[in-house]
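1. Give me coordinates for this.
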Amino acid sequence: MASEQRLSISLSGVLVVFAAITTAIIGWQLRGLLLLVMISVVLACSIAPIVNWAEQYRVPRWLSAVLTYLAIIGTLVGVAVLIGPTVLEQIQLLVRQLPVLLRKAATQIEVWVLALNDSRPDLTDQVFGQLDVQAIAAWAIRSTRQVALRSYNLTADILGTLLSLVLAIFISGYMLADSRTLTTNFVRLIPAPWDQRVSEQLPEIASRIGSYIRGRVLVSGTLALITGIGLSFLGLKDFAIGLGAIAGVTNLIPFLGPILGAIPALLVAIPLGGWAVLWLVIFYAIIQNIETYLLDPLLVGSSVGVHPLYQLLAVLGGAQVLGIVGALIVPPWVAGGAVLIEALYLQPKLKAEEHPELIV
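-> Below is the predicted model of the structure:
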């Protein structure tokens with residue numbers, strides 16, 4: 001009897017492993033569709049409060065979702081028409097002048113090194129004499145293009161075209177219009193008693209995901225405006241709006257975004273001399289502190305509910321698997337997943353440790 005029981009347990013274990021492997025393979029093959037669904041859920045959670053508010057005044061959910069998306073798209077189009085040509089022109093100018101900027105930056109760094117190393121100018125000459133600035137510039141341009149192409153190839157089947165974005169908006173709108181039916185059907189697939197527990201956590205999950213995205217967009221937009229205005233006063237007026245737009249986009253990515261946004265500005269400032277670099281570093285340090293101690297607590301708040309180290313790992317893991325889009329989409333899903341871990345595992349575990357007599 002015991003041998004039959006062991007055989008049964010072994011067989012069930014094999015079936016579970018086989019099912020898990022099969023599910024992983026299917027999920028990897030459908031990763032494009034899964035990413036599209038993930039993006040749609042994030043978009044739906046982001047505008048859900050507006051739809052819920054309009055529903056209180058008997059506005060149909062589908063109508064409020066459509067009107068909200070039209071307002072968002074209209075705002076984006078208006079901003080693009082207003083500053084889009086200037087941003088595009090300045091970014092193109094920055095790309096065209098990249099070899100010249102690199103050459104000037106290398107020359108300026110050489111001057112600084114000579115000023116600090118007067119006793120051994122021959123060593124400085126040897127170091128900089130071996131540098132081929134043209135080759136470095138060509139390598140930088142090729143590397144930038146390769147990174148862009150690599151990120152595009154990883155996400156092209158989802159966000160590479162306008163059709164993908166339209167699909168994500170359409171799916172998220174459908175989710176909002178019939179959210180109650182969709183959530184009910186989803187919960188019914190979960191075995192009891194977990195179905196009721198998961199159902200109780202879905203509003204909090206949606207709230208964390210939506211508040212995270214809304215907060216990050218507001219923070220990025222504010223930093224783009226501050227950066228553009230600040231750089232225009234620091235002698236970078238020819239690139240201020242373009243660099244501000246770059247900073248706004250990169251700041252959508254937590255932790256790594258501010259660093260990525262500061263690199264182009266630093267490249268432009270180095271040829272202007274040491275004071276320009278010093279003021280630029282101070283300026284970006286102030287911006288970083290404004291984001292960390294003012295904007296993030298005010299606009300994002302505690303919506304993430306995840307340790308910063310785990311947030312950073314979510315950004316790196318999302319970028320590794322799904323490219324730039326993954327770095328944007330994975331962190332809010334981690335914030336939502338933290339709700340389930342806390343409610344379904346950590347809290348029951350804490351109660352069991354505090355009251356071991358309740359364990360049957």
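2. Report all helices and strands that the helix or strand where Leu231 lies contacts.
-> According to DSSP states H and E, Leu231 maps onto helix 194-233. Applying 3 or more Cβ pairs under 8 Å, 6 or more residues apart in numbering; DSSP states H and E, one finds that helix 194-233 makes contact with helix 31-55, helix 179-188, helix 240-250, helix 256-269, helix 274-290, helix 324-341. In short, each C-beta sits where N, CA and C put it, glycine included.
3. quick one, it and helix 324-341 angle?
-> Counting by axes from the mean of the first three to the mean of the last three Cα atoms, to 10 degrees, helix 194-233 lies at 140 degrees to helix 324-341.
4. Helix 194-233 versus helix 274-290: what angle between them?
-> On the basis of the same axes, to 10 degrees, helix 194-233 is oriented at 150 degrees to helix 274-290.
5. what ranges of the stretch 251-360 of the chain fall below the confidence cut-off?
-> Residue ranges of the stretch 251-360 of the chain with pLDDT under 70: 301-306, 355-360.
6. Give the rounded mean pLDDT of the helix holding Leu231.
-> What helix 194-233 shows for mean pLDDT is 86.
7. Tell me the buried residues in that helix?
-> By 16 or more other Cβ atoms under 10 Å, the buried positions in helix 194-233 come out as 198, 202, 205-216, 219-220, 222-224, 226-228, 230-232.
8. Now do Trp112 against Leu328, distance only.
-> From Trp112 across to Leu328, the span is 37 Å (Cβ to Cβ, to the nearest Å).
9. of the two, who's got more company?
-> Remark: of Trp112 and Leu328, Leu328 carries more neighbours, 23 against 14, as counted by other Cβ atoms under 10 Å.
10. From Gly261, how far off is Leu313?
-> According to Cβ to Cβ, Leu313 and Gly261 sit 21 Å apart.
11. Those two: which has the busier surroundings?
-> The neighbour comparison of Leu313 against Gly261 (other Cβ under 10 Å) goes to Gly261, with 25 against 15.
12. hang on, isn't the more buried one packed against Asn251?
-> Yes. Between Gly261 and Asn251 there is a contact under Cβ atoms under 8 Å: 6.2 Å.
13. what about Leu309, neighbour count?
-> 9.
14. Repeat that for the one 5 residues further on.
-> Other residues near Ala314 come to 24 when the count uses other Cβ under 10 Å.
15. Looking at the helices and strands packed on helix 194-233, spot the one closest to Ala80.
-> With respect to Ala80, and counting by Cβ to Cβ, the nearest of the helices and strands packed on helix 194-233 is helix 240-250 at 10.5 Å.
16. CA atoms only for that closest one, dumped as PDB, please.
-> C-alpha atoms of helix 240-250 as PDB (Å, rounded to 0.1, in the frame of the first residue of the first chain):
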ATOM      1  CA  ALA A 240      17.700  72.600 -23.800                       C
ATOM      2  CA  ILE A 241      14.200  71.500 -25.100                       C
ATOM      3  CA  GLY A 242      15.600  68.300 -26.700                       C
ATOM      4  CA  LEU A 243      17.600  67.400 -23.600                       C
ATOM      5  CA  GLY A 244      14.600  68.100 -21.400                       C
ATOM      6  CA  ALA A 245      12.500  65.800 -23.600                       C
ATOM      7  CA  ILE A 246      15.200  63.100 -23.300                       C
ATOM      8  CA  ALA A 247      15.300  63.500 -19.500                       C
ATOM      9  CA  GLY A 248      11.500  63.200 -19.400                       C
ATOM     10  CA  VAL A 249      11.500  60.000 -21.300                       C
ATOM     11  CA  THR A 250      14.400  58.400 -19.500                       C
END
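17. Packing partners of it?
-> helix 61-96, helix 194-233, helix 256-269.
18. got the buried residues for that helix?
-> So, applying 16+ other Cβ under 10 Å, buried residues of helix 240-250: Ala240, Ile241, Gly242, Leu243, Gly244, Ala245, Ile246, Ala247, Gly248, Val249, Thr250.
19. export these to JSON lines and tack on pLDDT?
-> Shown next, in JSON lines, are these (pLDDT from 0 to 100):
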{"residue": "Ala240", "pLDDT": "86"}
{"residue": "Ile241", "pLDDT": "88"}
{"residue": "Gly242", "pLDDT": "88"}
{"residue": "Leu243", "pLDDT": "89"}
{"residue": "Gly244", "pLDDT": "89"}
{"residue": "Ala245", "pLDDT": "89"}
{"residue": "Ile246", "pLDDT": "88"}
{"residue": "Ala247", "pLDDT": "87"}
{"residue": "Gly248", "pLDDT": "87"}
{"residue": "Val249", "pLDDT": "85"}
{"residue": "Thr250", "pLDDT": "84"}
